[in-house]
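> quick one: sequence plus predicted model below, questions after.
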Amino acid sequence: MNGTRKWVGIALAVVLCLILGSSSSLRAQAPAAAQDTAKAPPYTLVEYNAEQACAAEKAPATQVKCLDDFVSKYPNSALLIYVYPLYVNAYNQLKNPQKVIEFADKTVALADKVEPVVRYQVLYARALAYTSLTGPEQAAGAAKARESALLGLKTLDEVKKPDNVSDEDFKKQKQQPMVLFNYTAANAAMLAKDYAAAVESFKAVLALNPDDLSTNYNLGLAYKAMTPPQWMEAFWYFARAVTSKGATQAQADKVKKYLKAQMANYQGGNVCDNLIDGELNELLQLAGTSAERPGTYSLPSGADISAVQKDMTIASVFTDLKAGGDKSKLTWLAACGLEFPEVPGKVISVATGDPIVLKIAFVTSDAEFEAATAPNMDVKVVGQPEAARVEKDSAVHFTGTLVSYDPEPFFLHWDKAKVKAEDIPKEKGPAKKPPVRRPAKKPSGRSN
């Protein structure tokens, strides 16, 4: 999401007309025939005519040849302050960014010999050219690109307002080059792994255009890349990118998916998906209404969640969830999606089917067992048909995955559960038939 790419197609001619108008008043003057030697320009008439011929050439390739010839004849000419910018313009038209950068740097190296308006123009062209380079080329020239972009901002401040332009219009017209210079400086800092500098420059862009998707997204990447990562800031600016008014639905969905994955990874990667969705929606609501992250916004980390899980039992989960507040939120992040072994309870009802659903009251003592009359858990038993033999009001233990809970009225929901085999009544065999009684034999008569 490199937002500076959109600048690459802008012709340099447009740049020059953007706020500065024609710079013809800065062109060299031909030496007069009877000019006072003490006031004569530091170049000859032949030299001047050669430079003017190159300046008048309309075909960029032909103009480059003309300029090459001039430089070969007059390598130290005072007219190089005009020749080098002509190179910049010609190579820009020829779409040769490396040469644009080369001659922009040569122009800037002449320092105060070059008028601020011209230095600004070539630095703008240089920034455009840098954005069109390949990734490895940009990385190789990152340090110099940032230096030049920051110099462009400074030089822009030196450019005088034209008399026929109002202060307000001049300020508006300067915004576009300010965005380009700051964005170029930020991207170059990212490539140089100077993430603090990148943050500074990206924020300067947002000061001019706070709703820009690419800038917010890349600012999030800069915070993420810091050592240690600044996760809350990273999440915030990713969310600002998602809620950007200029974002297409496809762009917003792509960043949203990325943000959700980063949040899940930050929290250890095993938090219930519906909880991540809830956290994500809360963050997007905040980001859609404020440019700055509220100081109170935070997310528990994977380390925070692991610390809670270390000594967690189902009894402590019940206690913490019922208490409410921040403690319950952290406990639920830690407990949701976990499998708990041998959870004790009293069966209130049994619904046979697939799955079998047991309504159970959580109990931890004989007194609680005797007093329990209403369930506070439903337990889906999967792949254990014999669990249908569990009887109402019996004591059971089950192992299952905690998937959700209702705060009011308090109720836990379990899935993929198995009832402890010892708590399931044995299957009753077929009733035994009474033994067949045979009639007794009559006693045999005595013989006389």
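Yep, that arrived.

> the stretch 251-400 of the chain: helices as residue ranges?
Per DSSP state H, counting those that start in this stretch, the stretch 251-400 of the chain carries helices over the ranges 273-287, 302-310, 314-323, 325-335, 366-371.

> relative to Lys428, which of those is closest?
helix 366-371 (25.2 Å; C-beta to C-beta). C-beta coordinates here come from the backbone N, C-alpha and C atoms, glycine included.

> send the alpha carbons of the closest one over as PDB?
Taking Å, rounded to 0.1, in the frame of the first residue of the first chain, the C-alpha atoms of helix 366-371 are listed here in PDB:
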ATOM      1  CA  ASP A 366     -22.400 -31.400  49.500                       C
ATOM      2  CA  ALA A 367     -24.300 -28.300  50.800                       C
ATOM      3  CA  GLU A 368     -24.300 -26.700  47.300                       C
ATOM      4  CA  PHE A 369     -25.400 -30.000  45.800                       C
ATOM      5  CA  GLU A 370     -28.400 -30.300  48.100                       C
ATOM      6  CA  ALA A 371     -29.400 -26.700  47.500                       C
END
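
> list the buried ones in that helix?
With burial defined by 16 or more other C-beta atoms under 10 Å, not one residue of helix 366-371 is counted as buried.

> from the chain's centroid, how far away is that helix?
Distance of helix 366-371 from its chain centroid, counting by C-alpha atoms, centre = their mean, to the nearest Å, is 52 Å.

> point out where the chain drops to low pLDDT.
Where the chain drops to pLDDT under 70, the residues are 1-29, 31-40, 429-448.

> and the gap between Val308 and Gly325?
Applying C-beta to C-beta, to the nearest Å, the value for Val308 to Gly325 is 14 Å.

> those two: who's more crowded?
Counted by other C-beta atoms under 10 Å, Val308 and Gly325 do not tie: Val308 has more neighbours, with 19 against 8.

> wait, doesn't the more buried one sit right on Ser328?
No. With contacts counted by C-beta atoms under 8 Å, Val308 stays clear of Ser328, the gap being 11.1 Å.

> thinking Leu280 is in contact with Leu259, fair?
Yes. Contact criterion C-beta under 8 Å: Leu280 and Leu259 qualify, at 6.7 Å.

> give me the more crowded residue out of these two.
The neighbour comparison of Leu280 against Leu259 (other C-beta under 10 Å) goes to Leu259, with 23 against 18.

> give the contact list for that one.
Applying C-beta atoms under 8 Å, 6 or more residues apart in numbering, we find Leu259 in contact with 235, 238-239, 242, 280, 283.

> kindly indicate which of those lies nearest Pro210.
Among the contacts of Leu259, and counting by C-beta to C-beta, the member closest to Pro210 is Ala239, at 13.5 Å.

> tally of neighbours for the closest residue to the closest one other than its chain neighbours?
Ranked by C-beta to C-beta, 6 or more residues apart in numbering and with sequence neighbours excluded, the top spatial neighbour of Ala239 is Ala287, at 3.6 Å. Ala287: 25 surrounding residues under other C-beta under 10 Å.
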